[in-house]
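Enquirer: pasting the structure only:
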C-alpha cells in the first residue's frame, strides 16, 4: 500500500522521524515516588483523567494509522489513511486558552492542562488551538464531547511527616519560662556590658611537690632442703584405717539412746532384730546430721508458707489495707495471724520474749512458771515467722552480737548461749546464788575501750549486778546497787494510809523486778521493786539512789519510756492501774483503769504516740488517750482463753504479740487504726494538755516541760 501526503499549510507541520512518542507526552517529566517497594506517586484529583491514563496510552504506532490534519487557514487537509483506523485532527485558533478533548470509544475527557502539555510538545508546536477526535469504526458528534459536571473526591488523613523542624527561640513574657529567660538576659547584659564586666582577676600559680622515690632491694635467705626417706609396711596402713573405724564406732555408741542399748541386748536372739537395730541406728544418726536438720527446716518453712502466706505478707507489710478506701472507721481491731505454740509449750507460762534487733523475723521466747506452787522446767524456743508451727532453736539479745542470748533462772543462775549452734553452746555463766533472776538487759560496757556489752541483772533480793563476758567461761560480776525498802512519806502516787505493822520484816531489801535505762543519759537507770517504788540510780554512785517515788500500791510489773518523748513514761502494776508519768513532775498525769485485775504488761505503740497496749486476765486492751481517757478503744479476748502475761508491739508497729500462761504466743495484725501524725511529740503533749483541762497546776507544769523538751530537741537537731 502506498501512502499519499498532501501539505497545503503555510507552515511546515508534521511528525518527526525517530523513536515513537505517545500523543499525551508533555514537557513535564512524570516522576514516580517509590517507597519500600511500593508506588507512592500521588494520583490526579480528576479521577477520569487518572482512569484514561491508566487504561489507555495512545501510541504513534497503534493509534495513528489514519491521521488527518485540517487547518482552518487552508482549504485542503492532510490525510494519512490505513485499513485499521482513522485519526483526524482539527485546529481552531484561540487567543486566550488551549482547550482539548480526547475521545476514544465510549470515554471522553476534557482537560486544559493535558491539551496544553500536548500542544506544547516538540512534535506539535502550534500557535492555534487544536481539537483531536479519535474514533474507531464510526465518527463521534460534538454533542457527546461534554465535560463532567460533578467530580467526587475522597480525602483521607495520612501521617504527618516533618521534613524540617526549627524550634522557636521566643517565649511568652508573662510565663515562668519567659521570666527565667529575661533574668538570664539581664545577667548576661550585666556581665558583658554593665558593671559586672569590671571583675577583679588575680593570677596565681602553684607547683606540686616532686615525689621522691627511693629504690631498695633485699635478698631472701636460701631455703635449705634435705631429702629424707621413710618406710610404711602393710600393717602400718592397716592400723591407720582401723583406728578411724574404731573412732566412728565409739561415736556411734556414745550417740546411741537407751532404746538402742536395749535393742542391742536382744540382738543375738534373731537376725531380724539385729537388722532393725541397725536401721534405727542409721536413722538416729541421720536425724543428728546438721545438713539433714537444715533441709528439714527448709521443708517445714515451705509447708508453713502454703498455709500462712497471706498472714506473713500482712506481718511484713506487703499487703497493707487501702488507705484511700471509702467509709474508713477507727475501730482499733486485732486480727489474729498465727500462734507460736506446739505440744512442748503446752502448760508452760510465757515469762518473757524478745525480738532480734537485727533480724525481725526471729523471736526468743522464755517459758517458765506463773504461779509459785508450780514445778515446771524452763525452756527457751527460738521462733521464726517463716515457720509458726515449730521452733527453729530448742532472752534479751545483744545488739553488737545478735547471736548471743542471756538467760536467767529461778535459782539465780545466768548463762549466755550462742543460738547459731543447734546444740547448747554456753559462752559464759555466773556463780549461781539462791534468789530469782527477774530481769536481764544488755547495755554498752562501762569501759569505753571494751567493745563487748555488759549484762545487767536484777534479783529478788534487791541486788543489781553487772556481768562482763571475759576470756573464761565464768562471767565477771560487779554489784552496782542493792535496793532497800522505802520508809516514810513518799512522793508520787497518793496511796491510802496503811495500818501500822509491828512485825519485823525478814529482809531489809526490796525485790528488784526490772531495770530500765534512761533514753538520754546512759549512766541513769531505773529499778522497779515489788513494793511499788521506783528508784532512780546512777552508775557513778554505787549502792546509792538519786531519787525514788511511789508508782503503785503493789509490785511494779513494767516501766517503759515513750518512743517519741524522752520525758514521758508509763508504768503498770498489781493495783489494777496503768499510770503515765513525766520527769520532774511527782504526780501521775493519768491513771487508766478498767477492772480490779492486775495489769501484767504494757507497751507503747512505735507508730502512734498516744496509743498503748495492756493485758490483764484474758483481755487485751488498746488505749488512745487522745480520744478517750476513761475507756479503752478496743477490748479483745485471748484466742486460747488463758491469762495473758506479756504484750509487746513489733518494731514496725503493724503487729502486736501477746503471750499467755499456756505457752501460746499470739501474733495480731492491727487494723482500722488512725493515720500516724506527722509531729508525734506535739500530738502527745496536746493530748496530755487537753485531758488535764480540769487540773490547772498540772497542766501548767506540762506546758513548761513541753517548752523545755521541744527547745532542747530543736537545739540538738
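Expert: Great, that's in hand. From a predicted model like this one, the values you see are computed outputs, not experimental measurements.

Enquirer: tally of neighbours for residue 630?
Expert: When neighbours are defined as other C-beta atoms under 10 Å, residue 630 has 10 of them. Any C-beta I mention is one placed from the backbone N, CA and C, and that applies to glycine too.

Enquirer: Please report how far it lies from residue 594.
Expert: 10 Å (C-beta to C-beta, to the nearest Å).

Enquirer: swap in residue 562?
Expert: Counting by C-beta to C-beta, the gap from residue 562 to residue 594 is 21 Å.

Enquirer: Same question for residue 426.
Expert: 43 Å.

Enquirer: Also residue 709?
Expert: With distances defined as C-beta to C-beta, the gap from residue 709 to residue 594 amounts to 30 Å.

Enquirer: Compare residue 426 and residue 594 (neighbour count), which wins?
Expert: residue 594 (19 against 11).

Enquirer: What residues does that one make contact with?
Expert: Applying C-beta atoms under 8 Å, 6 or more residues apart in numbering, one finds that residue 594 lies in contact with 576, 616, 619, 621, 632.

Enquirer: Check the gap between it and residue 547 for me.
Expert: For residue 594, the distance to residue 547 equals 30 Å [C-beta to C-beta].

Enquirer: did I read that right, residue 438 in a strand?
Expert: Yes. Counting by DSSP: H, G, I helix; E, B strand; the rest coil, residue 438 is located in a strand.

Enquirer: Correct me if wrong: it contacts residue 515.
Expert: No. Checked against C-beta atoms under 8 Å, the pair residue 438 and residue 515 is beyond contact range at 9.0 Å.

Enquirer: what touches both of the two?
Expert: Taking C-beta under 8 Å, 6+ apart as the contact rule, residue 438 and residue 515 both touch residue 458.

Enquirer: Run through the helices of the stretch 101-250 of the chain in chain order.
Expert: When assigned using DSSP state H, counting those that start in this stretch, the helices of the stretch 101-250 of the chain occupy the ranges 112-119, 176-192, 234-255.

Enquirer: ugh, typo on my part, it should be the chain
Expert: Under the criterion DSSP state H, the chain contains helices at 47-55, 112-119, 176-192, 234-255, 258-265, 271-287, 290-316, 680-691, 696-716.

Enquirer: Which of the residues in stretch 423-438 are classified as buried?
Expert: Residues of stretch 423-438 classed as buried under the neighbour-count rule (16 or more other C-beta atoms under 10 Å) are 427-430, 433, 435-438.

Enquirer: Pick out the lowest-pLDDT one from these.
Expert: Here the lowest pLDDT out of those sits on residue 433, with 76.

Enquirer: before we move on, back to that, with distance to residue 580 added, can I get the buried residues of stretch 423-438 in TSV?
Expert: Converted to TSV, those look like this (distance: C-beta to C-beta, whole Å):
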residue	distance to residue 580
427	39
428	38
429	39
430	36
433	36
435	31
436	29
437	29
438	23
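
Enquirer: Which of the residues you listed sits closest to residue 468?
Expert: In terms of C-beta to C-beta, no member of the buried residues of stretch 423-438 lies closer to residue 468 than residue 428, at 8.9 Å.

Enquirer: ok, the closest one touching residue 415?
Expert: Yes. With contact defined as C-beta under 8 Å, residue 428 reaches residue 415; the gap is 7.3 Å.

Enquirer: Outline the domain layout of this protein.
Expert: By the assignment in automatic domain parsing, the chain contains the domains 34-144, 333-496+507-679.

Enquirer: any idea which of these is most buried?
Expert: domain 333-496+507-679 (a mean of 18; mean count of other C-beta atoms under 10 Å).

Enquirer: got the contact list for the closest residue to residue 555 other than its chain neighbours?
Expert: Setting aside the residues directly before and after it, residue 555 is nearest to residue 530 in space (C-beta to C-beta, 6 or more residues apart in numbering), at 4.2 Å. With C-beta under 8 Å, 6+ apart as the criterion, the residues that contact residue 530 are 460, 510-511, 513, 554-556.

Enquirer: Report the two of these separated the most.
Expert: Looking at these by C-beta to C-beta, the two members farthest from one another are 460 and 554, with 15.5 Å of separation.

Enquirer: any chance you could map the strands in the stretch 301-450 of the chain?
Expert: Taking DSSP state E, counting those that start in this stretch to define them, one finds strands in the stretch 301-450 of the chain at 333-340, 349-355, 362-368, 379-384, 396-397, 404-408, 414-418, 426-429, 437-443.

Enquirer: List the pairing partners of the longest one within its sheet, with orientation.
Expert: Applying DSSP bridges, strand 333-340 is found paired with strand 665-671 (antiparallel).

Enquirer: for the stretch 101-250 of the chain, what are the low-confidence residue spans?
Expert: Residues of the stretch 101-250 of the chain that meet the criterion pLDDT under 70 lie in 101-148, 247-250.

Enquirer: That one: strands as residue ranges?
Expert: With DSSP E, counting those that start in this stretch as the criterion, the stretch 101-250 of the chain has strands at 101-104, 107-110, 129-135.

Enquirer: Please spell out which residues along stretch 300-318 are buried.
Expert: 300-301, 304, 308, 311-312, 314-315.

Enquirer: Which of those sits closest to residue 651?
Expert: Distance to residue 651 across those (C-beta to C-beta) is lowest for residue 315, with 11.6 Å.

Enquirer: Spit out the contact partners of the closest one.
Expert: Listed by C-beta under 8 Å, 6+ apart, the contact set of residue 315 reads 337, 385, 650, 654-655, 667, 669.

Enquirer: go again using 6 Å as the cut-off
Expert: 385, 655 (C-beta atoms under 6 Å, 6 or more residues apart in numbering).

Enquirer: That one and residue 607, how far apart?
Expert: The span separating residue 315 from residue 607 equals 15 Å under the rule C-beta to C-beta.
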